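Student: Kindly generate the corresponding structure for this input.
(chains A and B, ligands or ions: 2)
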Amino acid sequence: MGLAIEAVNLVKRYRTKKRLGLFKSVTEVVEALKGVSFSVRYGEVVGLLGPNGAGKTTTIKILATLLIPDGGEARVAGYDVVEEADKVRKNIGLMLTVEKGFYGKLTGRENLEYFAALYGMDRDVARERIDYLIKLLELDKLGADTKLYEEFSLGMKARLSLARALLTDAPILLLDEPTLGLDPPSARKIRELVKDLAHRDGKAVLYTTHNMFEAELVCDRIIMINKGRIVAEGTPAELKERIPKLKVLNIAVRGNQGNLKDILNSIDSKFEVDSGEADVHNIKVYLKKPEEVLDELLKKFIGRGFEVVSIKIEEPTLEDVFIYFSGGST
Amino acid sequence: MSMLDLVRVEFKLVYGDLFRRKSAFITFILYPYIFTSFTLFIGYAVGSPRGFVERVGVDPVVYMITASYMLMSIFSSIDDLLWRPLLDLHIGTLPYIIASPVNRLKYYTAIPIPRLVAVLLLGFTSILPVYILYYGLEGVAVVFVVISILIVGCLTMVFFSIALAMSIHRVGESWRMLNIVRPVLMILMGVYYPRMFMPLASYILSSFIPSSHAVEAVQRFLMGMSSDIYILIVLAIAISFIYMPIGKISIREWEKSRVRRGVETF
Ligand SMILES: Nc1ncnc2c1ncn2[C@@H]1O[C@H](COP(=O)(O)OP(=O)(O)OP(=O)(O)O)[C@@H](O)[C@H]1O
Ligand SMILES: [Mg+2]
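Tutor: Numbering: from 1, shown residues only, chains lettered A, B, ... in the order given. Ligands and ions are numbered 1, 2, ... in the order given. Down below sits the predicted model:
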């Protein structure tokens, strides 16, 4: 069996017109994907992990035939997402948002029946499958099979959305932040199910999240994406091996920017400077043992006439991990 | 994938909407009466009912309730198609529809059918009582003829509406366009302003709208000019099929334009 998903050098630029006046407008270009390549095999859950605006949804949409890339190509189930969209559509189960995407005046079951017809399922097959999915996702326990969708809680909506993605038993699942905003029990239910679907049923799952903890729990492999670029890739264990050794030293100093670079370049670590108002510079330095250089660093700052405003040593947040893997910025 | 299944689930959707929302249901029943009283009120203010009978040959009350009923029947099924893409975009169902392998022409053809059935049944609460009042028991037969012609009138609008809706929705903020297009369509369809009395230009323009011929057929029938009715019905059906390939193409082009921009999921 070939690869389930194969993306090669995907590029996407969004163009939006910004009105300046009645006749004037400028076109703004957002480069959402800047050459993203990865693949997903059958039987594995691959996490696309990244902060807001990283390009996760954009990637999912391209693979789901809902968006045409400006460059590169992608194959899903062996079919080209642009040229053979029809065939791709028969092979994917899709979940885009947890909180929307159904008809309010229909019950959970009726909504599933609606989409089953749209997906061309035979009526009897559909009924059996819907019964099965309602039990699987415990929608019946929540009363979601007979309640109107507009009366659903977020957890019920998310479960129904996953049920729809599973309707046709498609071999490839594209799930965009499937646990966003859910309470722990609902989130756990969905995570466990997703793992089963890959490991037991051999489905290929692409799972986006901005939550490091979640990616670790669900994914066999994690692709870190930031600002449209893949910044790191590996199993959770591989990635973790690199991350926990680092700590973040946050220093805020006040003084002349010119001397700052010299001082920071003298320590052999990645750093980031965010210059705020009134000559205050917020500096982040990524270090294995910040304690060892702290004393020396402070002396240098003070020696060059900087005033130290605050100091903090922190465990890296996800954002820090991204900045680190993105190569830092100066 | 069967068309029947698509129609069946559309039925649930429309009836869910209609019967689970009481206010929608009540306005649905009352609408023809409200419209009739409104137009009669204005009509009586500017002219005499006798003048109307002399010119048109039908009692204004009968004429107007029929007109309102026709307008409502034809428009509620057209409206389903005109507004549906916007609704789906708004509630987030559109991406799932586009990412589905459903046959688009079948899908969009199925959409107006349930409401069409509902509206035709409405004939029994709107025109039937009035006809019986004016024509006695013979009114029942008249109702069946009018509804039968209207079924043709509504069905022949399906491909036309698909083509119209999808062409309009390629433009940004298409709901503004809809608000212009709908009234124009209403006038050209000739329900209030009979086509026979239209100036030549609008007469020709209106003949491109399939249902306008069905509307004319109903009006002629009420006026007792039954001879040309068959020709009008055949004409309506023939013209509607011109719009089938156009509808197909416009769905495809509309989807293409959406996918190029990216189907919104907000
Ligand atoms: N339709 C659009 N028009 C213009 N810009 C867009 C559009 N959709 C996304 N973008 C921009 O493209 C970039 C990537 O967006 P995308 O939705 O793929 O990110 P994401 O990783 O899914 O983020 P989030 O965690 O917020 O969902 C962002 O900068 C976003 O503002
Ligand atoms: Mg997103």
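Student: What number of residues are in the vicinity of B:Y63?
Tutor: By the measure other C-beta atoms under 10 Å in any protein chain shown, the count of residues near B:Y63 is 24. Every residue, glycine included, has its C-beta placed from N, CA and C.
Student: Tell me how far it lies from ligand 1.
Tutor: Separation of B:Y63 from ligand 1 (C-beta to the nearest ligand atom, to the nearest Å): 50 Å.
Student: With A:R164 instead?
Tutor: The value you get for A:R164 to ligand 1, if C-beta to the nearest ligand atom is used, is 20 Å.
Student: Tell me the predicted confidence for that residue.
Tutor: With respect to pLDDT, A:R164 has a value of 96.
Student: nearest spatial neighbour of it, skipping sequence neighbours?
Tutor: A:F115 (5.3 Å; C-beta to C-beta, 6 or more residues apart in numbering or on different chains).
Student: The one you found reaches A:L167, doesn't it?
Tutor: Yes. In this structure, A:F115 is within contact of A:L167 by C-beta atoms under 8 Å, at 6.2 Å.
Student: With neighbour numbers in mind, choose between these two.
Tutor: The neighbour count for A:F115 versus A:L167, taken as other C-beta under 10 Å, is higher for A:F115 (25 against 19).
Student: Thought B:M64 was touching B:T39, still the case?
Tutor: Yes. Counting by C-beta under 8 Å, B:T39 touches B:M64, with 5.1 Å between them.
Student: Give me the common contacts of those two.
Tutor: Common contacts of B:T39 and B:M64 (C-beta atoms under 8 Å, 6 or more residues apart in numbering or on different chains): B:Y192.
Student: Look at these two and report which has more neighbours.
Tutor: Neighbour comparison, B:T39 and B:M64: the larger count goes to B:M64, with 23 against 17 (by other C-beta under 10 Å).
Student: Look at that one and report its pLDDT.
Tutor: 85.
Student: Please report how far it lies from ligand 2.
Tutor: 53 Å (C-beta to the ion, to the nearest Å).
Student: who's in contact with the residue nearest to A:R164?
Tutor: With contact taken as C-beta under 8 Å, 6+ apart, A:F115 is in contact with A:164, A:167, B:96, B:100.
Student: Next: A:K18.
Tutor: For A:K18, the contacting residues are A:25-28, by C-beta under 8 Å, 6+ apart.
Student: Recalculate using a threshold of 10 Å.
Tutor: With contact set as C-beta atoms under 10 Å, 6 or more residues apart in numbering or on different chains, A:K18 has these partners: A:24-28.
Student: State the helix or strand in which it lies.
Tutor: Following DSSP states H and E, one finds A:K18 within strand A:5-19.
Student: wait, does that strand contact ligand 1?
Tutor: Yes. Counting by C-beta under 6 Å from any ligand atom, ligand 1 has neighbours in strand A:5-19: A:14, A:16.
Student: now that strand, how far from the centre of its chain.
Tutor: Computed by C-alpha atoms, centre = their mean, to the nearest Å, the chain-centroid distance of strand A:5-19 equals 16 Å.
Student: Can you tell me the element the closest residue to A:I130 other than its chain neighbours falls in?
Tutor: Residue nearest to A:I130 in three dimensions, not counting chain neighbours: A:L112, with 4.8 Å by C-beta to C-beta, 6+ apart. Following DSSP H and E, one finds A:L112 within helix A:108-118.
Student: And that helix, what's buried?
Tutor: A:108-118 (16 or more other C-beta atoms under 10 Å in any protein chain shown).
Student: Would you state the strands of chain A in chain order?
Tutor: Applying DSSP state E to chain A gives strands spanning A:5-19, A:25-40, A:45-49, A:71-76, A:79-80, A:92-95, A:172-176, A:204-209, A:221-226, A:229-234, A:247-254, A:270-275, A:280-287, A:307-314.
Student: that older thread, the contacts of A:F115 into a markdown table, with extra columns for distance to B:V218?
Tutor: A markdown table is the format used below for the contacts of A:F115 (distance: C-beta to C-beta, whole Å):
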| residue | distance to B:V218 |
| --- | --- |
| A:R164 | 43 |
| A:L167 | 44 |
| B:Y96 | 40 |
| B:S100 | 38 |
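Student: out of those, which are inside helices?
Tutor: A:164, B:96 (DSSP state H).
Student: Closest one of the contacts of A:F115 to A:I60?
Tutor: B:Y96 (12.9 Å; C-beta to C-beta).
Student: pretty sure the closest one contacts A:A116?
Tutor: No. Counting by C-beta atoms under 10 Å, B:Y96 does not reach A:A116; the two are 11.8 Å apart.
Student: residues shared between the contacts of the two?
Tutor: Jointly contacting B:Y96 and A:A116 under the rule C-beta under 10 Å, 6+ apart are A:R164.
Student: Distance of the closest residue to B:T66 other than its chain neighbours relative to chain A?
Tutor: Distances taken as C-beta to C-beta, 6+ apart place B:I127 nearest to B:T66, at 5.8 Å, with adjacent residues excluded. As for B:I127, its distance to chain A is 28 Å (criterion: C-beta to the nearest C-beta, to the nearest Å).
Student: next one: B:H169
Tutor: Note on B:H169: its distance to chain A, by C-beta to the nearest C-beta, is 16 Å.
Student: Could you list the low-pLDDT ranges of the stretch 201-330 of chain A?
Tutor: Along the stretch 201-330 of chain A, the parts satisfying pLDDT under 70 run over A:243-244, A:317-323, A:326-330.
Student: Around ligand 1, pick out the residues from the stretch 101-250 of chain A.
Tutor: The stretch 101-250 of chain A has residues A:H210 near ligand 1, with proximity defined as C-beta under 6 Å from any ligand atom.
Student: Need the distance between the two termini of stretch A:84-102.
Tutor: Using C-alpha to C-alpha, to the nearest Å, one end of stretch A:84-102 lies 27 Å from the other.
Student: how about it, does it reach chain B?
Tutor: Yes. Counting by C-beta under 10 Å from any C-beta of the partner chain, chain B is contacted by stretch A:84-102 at A:85-97, A:99-102.
Student: for that stretch, the distance to its chain's centre please.
Tutor: Relative to the mean C-alpha coordinate of its chain, stretch A:84-102 is positioned 17 Å out (C-alpha atoms, centre = their mean).
Student: For it, list every residue counted as buried.
Tutor: Residues of stretch A:84-102 classed as buried: A:85, A:87-89, A:91-98, A:101-102 (neighbour count, 16+ other C-beta under 10 Å).
Student: cool, and stretch A:199-212?
Tutor: The neighbour-count check on stretch A:199-212 (16+ other C-beta under 10 Å) flags A:203-212 as buried.
Student: Tell me the spacing between the residue of the stretch 51-200 of chain B found nearest ligand 2 and A:G101.
Tutor: In the stretch 51-200 of chain B, the residue that lies nearest ligand 2 is B:P95 (12.7 Å; C-beta to the ion). Look at B:P95 and A:G101: by C-beta to C-beta, to the nearest Å, they are 7 Å apart.
Student: For the stretch 101-250 of chain A, which residues are neighbours of chain B?
Tutor: So the stretch 101-250 of chain A meets chain B at A:101-107, A:110-111, A:113-123, A:126, A:148-150, A:161, A:164-165, A:168, A:174, A:176 (C-beta under 10 Å from any C-beta).
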